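Q: Sequence plus predicted model, see below.
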Amino acid sequence: MKIPSRILPVIVFAQFCCTSLWFAGNAVMPDLLREFTLDPDALGHLTSAVQFGFIAGTLSFAFLTISDRFSPSKVFFFCAIAGAIFNLGALFENNNLFSLLLLRFFTGFALAGIYPVGMKIAADYFEKGLGRSLGYLVGALVLGTAFPHLLKEVSGNNDLEWRYVIYLTSTLAVTGGILILMLVPNGPFRTARKIPDPGLIFKIFKKSNFRSAAFGYFGHMWELYAFWAFIPVILAFYKNLHPEVDFSIPFLSFLVIGLGGIGCILGGFISEKKGVKITAGSALFLSGLCCLISPLIFYLSSEYILFAFLIFWGLVVVADSPLFSTLVAQNASAESRGTALTIVNCIGFSITIFSIQLVTYLMGFLSPAYIFLFLALGPAFGLVALFKSKSAVK
């Protein structure tokens with residue numbers, strides 16, 4: 001069956017639009033801290049609130065097998081609208097830490113119907129070349145995640161203009177939801193479930209190949225979001241340590257995170273020649289190596305070495321993400337693929353809570369130069385899980 005040429009570009013663009021909600025709060029975090037008189041620790045807590053919401057959402061969606069029972073395009077649309085509304089809530093004048101935590105939590109809950117459901121939609125259309133297709137899709141996620149930092153750089157630093165970041169990211173989310181609803185019907189390889197199957201989230205883990213792929217993804221997730229969340233912190237530390245350097249923290253944060261989208265796309269192409277498993281493992285090894293050598297780089301007085309190192313790290317830290325999702329999708333049946341992707345996302349993002357909170361805690365008594373050392377535990381675990389079984393999909 002010939003797939004309409006518009007399908008993948010629409011899915012990719014919609015994913016970019018909607019996932020811009022994810023780090024919208026982080027991009028304007030200094031403004032939120034100042035506007036609502038919050039403590040500096042709020043950075044870690046507000047980032048974790050989005051992750052908690054995503055975890056709660058993915059667990060609920062997986063338990064009820066939502067994306068396998070209902071049209072994934074409609075699920076995507078309604079969650080995009082909900083996420084846009086909760087994101088706008090950050091503009092309320094009477095917000096405090098509790099209300100902001102709730103708003104970011106429900107924004108994360110809505111994202112549970114966007115990110116994994118977007119991958120489910122792609123898998124329903126592209127059985128062949130899924131790694132490359134998901135490379136584009138996760139690349140869009142990465143760019144969407146980084147985009148608020150660019151918006152912050154463009155909008156300026158005064159009290160009024162940071163609100164434009166919130167307005168625009170919500171507008172993008174609505175646009176993405178409408179595009180999916182109007183232009184992407186159910187895919188030809190979709191197999192719908194008739195009734196919910198709460199036990200499905202346990203059944204899928206009985207397959208050893210699936211466990212190998214899932215556990216590799218979990219190790220990858222231990223590192224990824226903590227690295228992204230604390231890039232601005234590291235850059236601020238570097239500027240304080242080396243007062244002679246001058247660069248824009250929001251713009252460089254955008255480059256480090258956003259260029260990871262290129263890593264996702266390149267990883268998808270490389271996997272078609274080298275194999276999905278080998279390509280994912282290579283990226284995971286390189287990002288783990290970056291964790292270990294990071295203190296050496298952060299104390300060097302050359303900002304050019306710092307920029308090159310962080311951009312390389314940004315490329316490899318996320319390049320394996322679509323590949324692990326490909327392995328997960330390939331080792332799940334068509335009627336359970338949506339639930340499989342959702343529950344693996346749920347557990348993976350649960351792990352990010354612990355790594356983000358660990359880094360937040362460590363910053364209380366360690367130099368920021370050393371905080372990323374502890375993220376190397378994730379890639380080490382992921383590599384062992386991925387390669388311990390010779391039967392794992394290649």
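A: Received, thanks.
Q: any low-confidence regions in the stretch 151-300 of the chain?
A: Flagging of the stretch 151-300 of the chain using pLDDT under 70 yields the residue ranges 152, 155-160, 190-198.
Q: In it, mark out all the helices, start to finish.
A: 162-183, 200-203, 208-241, 249-258, 260-274, 276-298 (DSSP state H, counting those that start in this stretch).
Q: which residues are in contact with stretch 34-50?
A: Contact with stretch 34-50 is made by 22, 25-26, 29, 32-33, 95-97, 100-102, 104-105, 107-108, 111, 159, 225, 229, 233, 353, 356-357, 359-360, as judged by Cβ atoms under 8 Å, 6 or more residues apart in numbering. No exception for glycine: its C-beta is placed from N, CA and C like everyone else's.
Q: Adding distance to Asp41 and mean neighbour count, write the helices of the stretch 151-300 of the chain out as CSV.
A: Shown next, in CSV, are these (distance: least, Cβ to Cβ, whole Å; neighbours: other Cβ atoms under 10 Å):
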stretch, distance to Asp41, mean neighbour count
helix 162-183, 20, 21
helix 200-203, 33, 16
helix 208-241, 12, 22
helix 249-258, 19, 22
helix 260-274, 27, 21
helix 276-298, 22, 20
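Q: would CSV of those helices with distance to Leu150 be doable?
A: Compiled in CSV, the helices of the stretch 151-300 of the chain are given as follows (distance: least, Cβ to Cβ, whole Å):
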stretch, distance to Leu150
helix 162-183, 9
helix 200-203, 37
helix 208-241, 13
helix 249-258, 4
helix 260-274, 13
helix 276-298, 23
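Q: Could you report the distance from the residue lying closest to Lys274 once chain neighbours are set aside to Val316?
A: Excluding its sequence neighbours, the residue lying closest to Lys274 (Cβ to Cβ, 6 or more residues apart in numbering) is Ser282, at 7.9 Å. Going from Ser282 to Val316 by Cβ to Cβ, to the nearest Å gives 8 Å.
Q: Okay, Leu59 and Trp162: tell me how far apart.
A: In terms of Cβ to Cβ, Leu59 sits 32 Å off from Trp162.
Q: On the three-state scheme, Phe365 is what?
A: Here Phe365 is coil, with the state taken from DSSP: H, G, I helix; E, B strand; the rest coil.
Q: Tell me how many other residues crowd Ala123.
A: The tally of other residues near Ala123 (other Cβ atoms under 10 Å) stands at 28.
Q: And it, what's its pLDDT?
A: On pLDDT, Ala123 comes in at 82.
Q: residues touching it, list them.
A: Ala123 neighbours (Cβ under 8 Å, 6+ apart): 130, 134, 187, 189, 329, 337, 341.
Q: Buried ones among those residues?
A: The neighbour count (16 or more other Cβ atoms under 10 Å) marks 130, 134, 187, 329, 337, 341 as buried among the contacts of Ala123.
Q: State the distance from the third one to Ile66.
A: Pointing back at Gly187 there. Taking Cβ to Cβ, one finds Gly187 at 16 Å from Ile66.
Q: now Thr360
A: Thr360 is 32 Å from Ile66, by Cβ to Cβ.
Q: Could you do Cys346 as well?
A: In terms of Cβ to Cβ, Cys346 sits 12 Å off from Ile66.
Q: same thing with Ile201?
A: From Ile201 across to Ile66, the span is 12 Å (Cβ to Cβ).
Q: ok, now Phe365?
A: 43 Å.
Q: Among those two, which residue is more densely surrounded?
A: Legend: neighbour count by other Cβ under 10 Å for Phe365 and Ile66, higher for Ile66 (23 against 6).
Q: Name all residues that make contact with the more buried one.
A: By Cβ under 8 Å, 6+ apart, the neighbours of Ile66 are 60, 75, 113, 338, 342.
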